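A.B. asks: what's the 3D shape of this:
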Amino acid sequence: HVRRINGLRHRKSALMAMNPDVFYKAHAEMLLADVSDEQSGRLIDVPYLHRARKLIAASLDAGIPVYLVGHLGSGKTQQAAQDSMRRRFLMQKLSEALLSYRNGHPDSGREEELAWFSGICTAAREKAAKEAFHPYFISGSHNLTAEDMFTEKTLKLTQAGSRSTDEDQLGKLTENFLAFCREQEGRLKSLAPEKQLELLLAGWKTYSDLYISKNTGFGTVVEKVEKEVLKALREGRPVIIDEINTIAMSNLIALNDILQHHAGQEAYITGVGTVKIAEGFCLIGTGNLSTGTVSYEGTNVLNPAFQSRFTTIAYNYVPQSTEGTLAEQKDPAKNELFRMVIEHLCDAEGCLSLPGPEVTIDALWRLAQLARMSQDIFEGHGKSLDGAGDVPVLTESVLSIRNLIHVLDLWNLGEEMDLSMALWNGFLGSVTNSDDRNLLLSLAVRYGFFQPQDGWKVESGRAGKPDSATRTSGHRRRSVTRSRSWICPGRIR
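C.D. replies: Numbering: from 1, shown residues only. I've put the predicted structure just below:
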C-alpha cells in the first residue's frame, strides 16, 4: 500500500510539472483546503508544520511521548491539540474497522478491500473534521503537584445513615427496639404493669428520636476525584501538559513510570496503584525555550533523565524571506508565513476583497517580512541592520504568528484602518519594553510602514522612553474601494 501511494504521488507531481491545468487545479484544491482549515480554527498545513506534524505522529504511533519546545506565539499548543491527536484517534478507529471487515469478509480480494477502505477512510476523515477529538489539558505552573495530575482529595457533604426504604428502616428500628426489650425483660417484670407501659413508651420515643437523628444528619467524607492524567490513562485519550517546564521537577518525576510504558501495559501511580494504559492514550508536553537574551520567568530546564523519555522537537517560527520584493521572490514555496497571512484573509471561495489589491498584497508581503525579521532577532539569529553596528536584540516582544493574526483581524481587510494603524493598535502600542518598541518601530519603518506621506510622524522618545508613532491631524482617511480577486495558488506557494 505504501509503495502504491508513493507511486501515485510521483505521478501527480509529474503531471503538475507537465500540465499547467493540472498544476492550477491541484493548487486550487490545496488553497481551498487550507482556507477551510483556517476558518475551522486549525493550523494551515504549510510544509514546516506538516513536517512537525509527521514527527509528532510518528512518535505517538510508536508510543513515545512528545515534548514540543520553542518560543512564544509559534503555535505549539494548538499544534499539539489538533491534527496529530485526531490522526492517532482516527488511525485507531480505522484499524479496528479494517480488522472487523476482514473477519466478516474472509474471502474478499485485495481490490475489494482497498475499495471498501477508501470509502470508509473518506467518511471517517469527514466525521473527524466535524467532531474534533479534544484531549485532556493541563496548564503547568510551579504550584502544580503530582496529586493535581492524578487524583484530588476533596471533602463532600453527604447524608448520614442508611439509604434503604422507609419501610425497611422502620422494620429495622422495631426489630432493634424489641431486642432491647428482651434484654431488659427481667428488670421490667419487677415493676407494675402501668409502670412497665410508661417506661416502654418513653423508651420507644427516645430510641426512635436517636435513630431519626442518626439517619437524617449531614456530615463530610473524604472523596477522591480522578484528574486529567489518570482519566486519560483509563479512557485511552490524549493529554497535553502546557508549559510543562514550569512544573517542579520533584512533581514531574511522578510521570516516569507512565512515560516508559505503552498502551496495553500497566503503570504504577503513587496513591492510586497499578493502572492499565488504555489504547489511544498519549502525552504531549509543551514548553518555552529560554535563550541568552530571552528568559521566560518561572521556567526550568528539564532533568536530562526525564527529558530522555520524550521525543524532543524544536518548534520554531515558520520560514519566510526577509529580503526582496514580492515580485523578486526566488522560491515562493519557502515563504510560508506570507502564505499563512494571505490564506487567513481569504474567504471560503479562495478570494480576497481588498482596497487596491496589488498595493495591499505588497504591504502584506512586507508585513510578513517584518514579522519574520522580528522572530529572527527574538530567537537570537539577528544580524546587524547596517552590516557594521551592534546585533539587535529583542528580550520580551515579538511579532509572532499569534500577534500577527491579531493585527490582521484588527485591520479587517482595510475596511476601517490601514495596516500601519492596525500594526500600532494591535501590537506595537502594547509593547511595554521601551528598547523592544524602539527596535520594532524602526524595523516597521524600514519595511515601509508609518511613512510621512501616509500622514505618520515617528517621534523619538527621551532616554529610557519608547518611541511613538502618531497620525498628523491634517491627514484625511482615504475612501476605500474594494475589489474581489481570486488568489493565484501557484504564486503563493
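A.B. asks: Where do the helices of the stretch 1-150 of the chain begin and end?
C.D. replies: Chain-ordered helices for the stretch 1-150 of the chain, with DSSP state H, counting those that start in this stretch as the definition, fall at 2-18, 20-39, 47-61, 76-81, 83-104, 110-130, 146-149.
A.B. asks: roughly how far apart are the nearest residue in space to Leu408 that is not next to it in sequence and Glu111?
C.D. replies: Setting aside the residues directly before and after it, Leu408 is nearest to His344 in space (CB to CB, 6 or more residues apart in numbering), at 5.9 Å. Backbone N, C-alpha and C define where each C-beta goes, glycine included. Taken as CB to CB, to the nearest Å, the spacing of His344 relative to Glu111 amounts to 42 Å.
A.B. asks: quick one: which of those two has more around it?
C.D. replies: Neighbours were counted for His344 and for Glu111 using other CB atoms under 10 Å; His344 has more, 18 against 8.
A.B. asks: what's the more buried one in contact with, if anything?
C.D. replies: His344 makes contacts with Glu38, Ile44, Ile405, Leu408, as judged by CB atoms under 8 Å, 6 or more residues apart in numbering.
A.B. asks: In the longest helix along the chain, which residues are buried?
C.D. replies: For the chain, the longest helix by residue count, based on DSSP state H, is helix 193-216. For helix 193-216, a neighbour-count test (16 or more other CB atoms under 10 Å) marks Tyr207, Tyr211 as buried.
A.B. asks: So which elements touch it?
C.D. replies: Under the contact definition 3 or more CB pairs under 8 Å, 6 or more residues apart in numbering; DSSP states H and E, helix 193-216 sits against helix 166-183, helix 185-189.
A.B. asks: Give the other helices and strands that the last one contacts.
C.D. replies: The one in question is helix 185-189. Of the remaining helices and strands, those touching helix 185-189 by 3+ CB pairs under 8 Å, 6+ apart are helix 193-216.
A.B. asks: show me where pLDDT drops low in the stretch 201-350 of the chain?
C.D. replies: Confidence mapping of the stretch 201-350 of the chain against pLDDT under 70 gives the ranges 213-222, 292-293.
A.B. asks: where exactly do the strands run in it?
C.D. replies: Remark: strands of the stretch 201-350 of the chain, listed N- to C-terminal, are 218-226, 238-242, 266-269, 273-276, 282-288, 311-314; assignment by DSSP state E, counting those that start in this stretch.
A.B. asks: and those strands, which is most packed in?
C.D. replies: The highest mean neighbour count among the strands of the stretch 201-350 of the chain, using mean count of other CB atoms under 10 Å, belongs to strand 282-288: a mean of 25.
A.B. asks: Now do it and helix 47-61, the angle between them.
C.D. replies: Following axes from the mean of the first three to the mean of the last three CA atoms, to 10 degrees, one obtains 140 degrees for the angle between strand 282-288 and helix 47-61.
A.B. asks: now the most far-flung residue of the chain relative to its centre: how far from Thr206?
C.D. replies: In terms of distance from the mean C-alpha position of the chain, Ala192 ranks first, at 82.7 Å (CA atoms, centre = their mean). According to CB to CB, Ala192 stands 21 Å off from Thr206.
A.B. asks: shouldn't Ala422 be in contact with Leu413?
C.D. replies: No - contact criterion CB atoms under 8 Å: Ala422 and Leu413 do not qualify, at 10.3 Å.
A.B. asks: Which residue of those two possesses the greater neighbour count?
C.D. replies: Regarding Ala422 and Leu413, a neighbour count based on other CB under 10 Å identifies Ala422 as having more, with 21 against 16.
A.B. asks: Tell me where the model's unsure across the stretch 1-150 of the chain.
C.D. replies: Per-residue confidence for the stretch 1-150 of the chain (pLDDT under 70) gives these ranges: 1-2, 83-94, 121-133.
A.B. asks: how about a cut-off of 90?
C.D. replies: When residues are selected by pLDDT under 90, those of the stretch 1-150 of the chain lie in 1-34, 36-45, 50, 53-54, 57-58, 60-63, 70-135, 140-143, 145-148.
A.B. asks: Output the helix or strand where Ala422 lies as PDB - backbone C-alpha positions only.
C.D. replies: Secondary structure assigned from DSSP states H and E places Ala422 in helix 419-426. Backbone C-alpha positions of helix 419-426 (Å, rounded to 0.1, in the frame of the first residue of the first chain) are rendered in PDB as follows:
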ATOM      1  CA  LEU A 419      -2.000  48.300   8.100                       C
ATOM      2  CA  SER A 420       0.200  50.800   9.900                       C
ATOM      3  CA  MET A 421      -2.700  51.700  12.200                       C
ATOM      4  CA  ALA A 422      -3.600  48.100  12.800                       C
ATOM      5  CA  LEU A 423       0.100  47.300  13.500                       C
ATOM      6  CA  TRP A 424       0.200  50.100  16.100                       C
ATOM      7  CA  ASN A 425      -3.100  49.400  17.700                       C
ATOM      8  CA  GLY A 426      -2.800  45.600  17.600                       C
END
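A.B. asks: mind listing what's buried in that helix?
C.D. replies: Neighbour-count burial for helix 419-426 flags Leu419, Ser420, Met421, Ala422, Leu423, Trp424, Gly426 (criterion: 16+ other CB under 10 Å).
A.B. asks: What of stretch 291-299?
C.D. replies: Neighbour-count burial for stretch 291-299 flags Val294, Tyr296, Thr299 (criterion: 16+ other CB under 10 Å).
A.B. asks: Need those residues in JSON lines (columns: distance to Pro20).
C.D. replies: Formatted as JSON lines, the entries for these read as follows, by distance: CB to CB, whole Å:
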{"residue": "Val294", "distance to Pro20": "46"}
{"residue": "Tyr296", "distance to Pro20": "49"}
{"residue": "Thr299", "distance to Pro20": "51"}
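A.B. asks: Can you tell me which of the residues you listed is nearest Phe310?
C.D. replies: Top of the list for closeness to Phe310, among the buried residues of stretch 291-299 and by CB to CB, is Thr299 at 16.0 Å.
A.B. asks: OK, contacts around the closest one?
C.D. replies: For Thr299, the residues meeting the contact criterion (CB under 8 Å, 6+ apart) are Glu243, Asn245, Thr246, Gly287, Asn288, Ser290.
A.B. asks: sorry, back to before: pick out the most distant pair among the contacts of His344.
C.D. replies: Taking CB to CB as the measure, the contacts of His344 span a maximum distance of 13.2 Å, between Ile44 and Leu408.
A.B. asks: So which residues make contact with whichever strand or helix holds Val407?
C.D. replies: When elements are defined using DSSP H and E, Val407 is found to belong to helix 401-411. Contacts of helix 401-411 from elsewhere in the structure, counted by CB under 8 Å, 6+ apart, are 72-75, 317-318, 337, 340-341, 344-345, 367-368, 371, 399, 417-419, 422-423, 425-427.
A.B. asks: What average pLDDT does that helix get?
C.D. replies: Per-residue confidence for helix 401-411 averages out to 92 on the pLDDT scale.
A.B. asks: Tell me which residues of it come out buried.
C.D. replies: Buried residues in helix 401-411, counted by 16+ other CB under 10 Å: Ile401, Asn403, Leu404, Ile405, His406, Val407, Leu408, Leu410, Trp411.
A.B. asks: List just the nearest of the contacts of Thr299 to Asn103.
C.D. replies: Comparing the contacts of Thr299 against Asn103 with CB to CB places Gly287 closest, at 43.8 Å.
A.B. asks: Wait, the closest one touches Ile244, no?
C.D. replies: Yes - A contact is recorded between Gly287 and Ile244 when judged using CB under 8 Å, the distance being 5.4 Å.
A.B. asks: Need the overlap of contacts for those two.
C.D. replies: Common contacts of Gly287 and Ile244, defined by CB under 8 Å, 6+ apart, comprise Tyr67, Leu302.
A.B. asks: Pull the number of nearby residues for Met417.
C.D. replies: Neighbourhood size, Met417 [other CB under 10 Å]: 16.
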